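# pasting the sequence and the predicted coordinates here, then a few questions.
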Amino acid sequence: KAGVTQTPRYLIKTRGQQVTLSCSPISGHRSVSWYQQTPGQGLQFLFEYFSETQRNKGNFPGRFSGRQFSNSRSEMNVSTLELGDSALYLCASSPQGPSDEQYFGPGTRLTVT
Amino acid sequence: DQQVKQNSPSLSVQEGRISILNCDYTNSMFDYFLWYKKYPAEGPTFLISISSIKDKNEDGRFTVFLNKSAKHLSLHIVPSQPGDSAVYFCAASEGNSNYQLIWGAGTKLIIKP
């Protein structure tokens, strides 16, 4: 089985721009979660999608949004980028939800200048 | 308010000895706990889990202990090997796959040869 893939792997943007990150889950997994990782903060939950529906959302501003397609692929979008958005963004897929064993992609490293 | 706390940012252990990583939580509704391991430039990988109906779960060199009254769990690695050097995250949920995972900030484990 192919693992979770994320594109792009690295991204450099300037303040005020917007960015879209993509995640392809493991085949058959219906749940996709997104996390932001910054040094010393661990993984901060952004949102989780299941069968194209957002089931859970973390404590992030509305500039962070996402969606899931019928093939379970997911995208997240960040608008009006700020310097503090620089982080590693991780996507994880699982069969039914986050409490299942999640399989993580390698992440997208976003740098905002 | 950090609901899941890993109070040791780093831990150094001699190869062959026991590594003990600790995690405390504040939410008494948490009833399912997971440990993930993360190498640099990779996404986290699932290690071991435990539900609140048990106080111990073992998988090879890895054992997780849960003390519900103290709201504390620990991961024991015996014997520690150089490949165990990584960042270890504990995460907790209310057991339903629909709920998000709450993650600790991680503990960097360094195994000395």
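Done, it's in.
# what does chain B put close to chain A?
B:6, B:9, B:32, B:34, B:36, B:41-46, B:49, B:89, B:91, B:93, B:95-106 (CB under 8 Å from any CB of the partner chain). Glycine gets a C-beta too; all of them are placed from N, C-alpha and C.
# helices - which of those land there?
If you go by DSSP state H, these have nothing in helices.
# in strands only, show me the residues you listed.
Within these, residues falling in strands by DSSP state E are B:32, B:34, B:36, B:45, B:46, B:49, B:89, B:91, B:93, B:102, B:103.
# show the buried residues in those residues.
Among these, those buried by neighbour count (16 or more other CB atoms under 10 Å in any protein chain shown) are B:32, B:34, B:36, B:46, B:49, B:89, B:91, B:93, B:102, B:103.
# can you redo the ones in strands among the residues of chain B next to chain A as CSV with pLDDT and distance to residue A:98?
Shown next, in CSV, are these (pLDDT from 0 to 100; distance: CB to CB, whole Å):
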residue, pLDDT, distance to residue A:98
B:32, 91, 10
B:34, 94, 9
B:36, 96, 12
B:45, 95, 15
B:46, 94, 11
B:49, 94, 12
B:89, 96, 13
B:91, 93, 8
B:93, 89, 6
B:102, 89, 10
B:103, 91, 10
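# now, the most widely separated pair of the buried ones among the ones in strands among the residues of chain B next to chain A?
B:46 and B:102 (16.0 Å; CB to CB).
# near chain B, which residues of chain A?
A:4, A:31, A:33, A:35, A:40-45, A:48, A:50, A:55-56, A:58, A:90, A:92, A:94, A:96-107.
# mind doing that once more with 6 Å?
A:42-43, A:45, A:55-56, A:90, A:96-101, A:104-107 (CB under 6 Å from any CB of the partner chain).
# find the pair from those with maximum spatial separation.
Between any two of those (CB to CB), the greatest distance is 24.3 Å, for A:55 and A:106.
# by mean pLDDT, point me to the weakest helix or strand of chain B.
strand B:102-103 (a mean of 90; mean pLDDT, DSSP states H and E).
# so which elements touch that strand?
strand B:86-93 (3 or more CB pairs under 6 Å, 6 or more residues apart in numbering or on different chains; DSSP states H and E).
# what helix or strand does the closest residue to residue B:12 other than its chain neighbours sit in?
Distances taken as CB to CB, 6 or more residues apart in numbering or on different chains put residue B:110 closest to residue B:12, at 4.6 Å, once the chain neighbours are dropped. Taking DSSP states H and E as the criterion, residue B:110 maps to strand B:107-112.
# got a markdown table for the ones in strands among the residues of chain B next to chain A, with distance to residue A:65 too?
Output for those, formatted as a markdown table (distance: CB to CB, whole Å):
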| residue | distance to residue A:65 |
| --- | --- |
| B:32 | 28 |
| B:34 | 27 |
| B:36 | 26 |
| B:45 | 28 |
| B:46 | 27 |
| B:49 | 30 |
| B:89 | 25 |
| B:91 | 24 |
| B:93 | 23 |
| B:102 | 22 |
| B:103 | 21 |
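# quick check: the farthest pair among the residues you listed?
It's B:45 and B:102 that sit farthest apart of those, by CB to CB, at 18.8 Å.
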